[in-house]
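Enquirer: Whatever this is, show me its structure:
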Amino acid sequence: MDNTGINVIREPWNKGKIVGQKAPFKLKDVWALRVRFQMEHRVRDLALFNLGIDSKLRGCDLVALKVRDICHGDQVTTRAIVLQHKTQRPVQFEITPATRDALQTWIKQAGLKSDNFLFPSRLHDSPHLGTRQYARILGHWVDELGLDRADYGTHSMRRTKATLIYRRTKNLRAVQLLLGHSKLESTVRYLGIEVDDALEISEQTEI
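Expert: This next block holds a predicted model:
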């Protein structure tokens, strides 16, 4: 049968899906998850969640971290630097005391060595958590908070602390460095701050 001239209509990948910036987590949501993980002794989840918030890394960079990337000897460092997969540019991030404690506990419980991936996969064909696995895990966290999965994604983790830092300091250059963006315009778009700031100014202006 000759199919010449017949146009195949493909359904858009995003049909029925909300596409756009994913919301950062609110502070109350961050602490609600931390408390839940601690009470339920979910050591890996606490380590993954805390490091995701602190590092502000893209999912592909977070899941590919090795123990040696965040440890000096047998101690988790206060700061780390990694090469971003997307841009091939180095980015530095802090590791807060609570995150260091969570990571130290996880590394010990999992029996991880310096050259091991920090978050090994439970699937045989992958040496570390994949980005899809990470997204599924995050989806379950969102469910536990009673939030809508459509509003959140792995970039919610990346945006949470960056958004909070900007709101508290208004230091856009600092946030650009922390996110590893090469252009300031990228940071502006990523945070959506022009819209937020405009609305804030509008709300404070009475006529």
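Enquirer: Can I get stretch 76-90 in CSV, CA atoms only?
Expert: Provided in CSV are the C-alpha atoms of stretch 76-90 (Å, rounded to 0.1, in the frame of the first residue of the first chain):
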residue,chain,number,x,y,z
VAL,A,76,31.5,15.3,54.7
THR,A,77,32.9,18.7,53.7
THR,A,78,31.3,22.0,54.3
ARG,A,79,31.6,23.0,50.6
ALA,A,80,31.9,21.0,47.4
ILE,A,81,32.5,21.8,43.7
VAL,A,82,31.3,19.8,40.7
LEU,A,83,31.4,20.1,37.0
GLN,A,84,27.9,20.6,35.6
HIS,A,85,27.0,18.1,32.9
LYS,A,86,24.9,20.6,30.9
THR,A,87,27.3,23.5,30.7
GLN,A,88,30.6,21.9,31.6
ARG,A,89,31.2,24.7,34.0
PRO,A,90,32.1,24.2,37.6
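Enquirer: just checking, what's the longest helix in the protein?
Expert: helix 154-169 (DSSP state H).
Enquirer: Tell me the helices and strands packed up against it.
Expert: helix 43-55, helix 59-63, helix 131-144, helix 172-179, helix 184-191 (3 or more C-beta pairs under 8 Å, 6 or more residues apart in numbering; DSSP states H and E). For the C-beta atoms, the positions are set from N, CA and C on the backbone; glycine is no exception.
Enquirer: Quick one: distance of that helix to the chain centre.
Expert: 10 Å (C-alpha atoms, centre = their mean, to the nearest Å).
Enquirer: which of the residues in it are buried?
Expert: Applying a neighbour-count criterion of 16 or more other C-beta atoms under 10 Å, one finds 154-166 buried in helix 154-169.
Enquirer: ditto for stretch 133-145
Expert: Gln133, Tyr134, Ile137, Leu138, Trp141, Val142, Leu145.
Enquirer: low-scoring stretches of the protein, by residue?
Expert: 1-20, 124, 193-207 (pLDDT under 70).
Enquirer: Wait, Gly52 touches Val63, no?
Expert: No. With contact defined as C-beta atoms under 8 Å, Gly52 and Val63 do not form a contacting pair (9.6 Å).
Enquirer: which pair in the buried residues of stretch 133-145 spans the largest distance?
Expert: Gln133 and Leu145 (19.4 Å; C-beta to C-beta).
Enquirer: does Val82 sit in a helix, a strand or a coil?
Expert: strand (DSSP: H, G, I helix; E, B strand; the rest coil).
Enquirer: List the residues that contact it.
Expert: Leu57, Asp61, Leu65, Asp69, Pro90, Val91, Phe93 (C-beta atoms under 8 Å, 6 or more residues apart in numbering).
Enquirer: is it in a bridge, and if so with what?
Expert: Judged by DSSP bridges, the bridge partners of Val82 are Val91.
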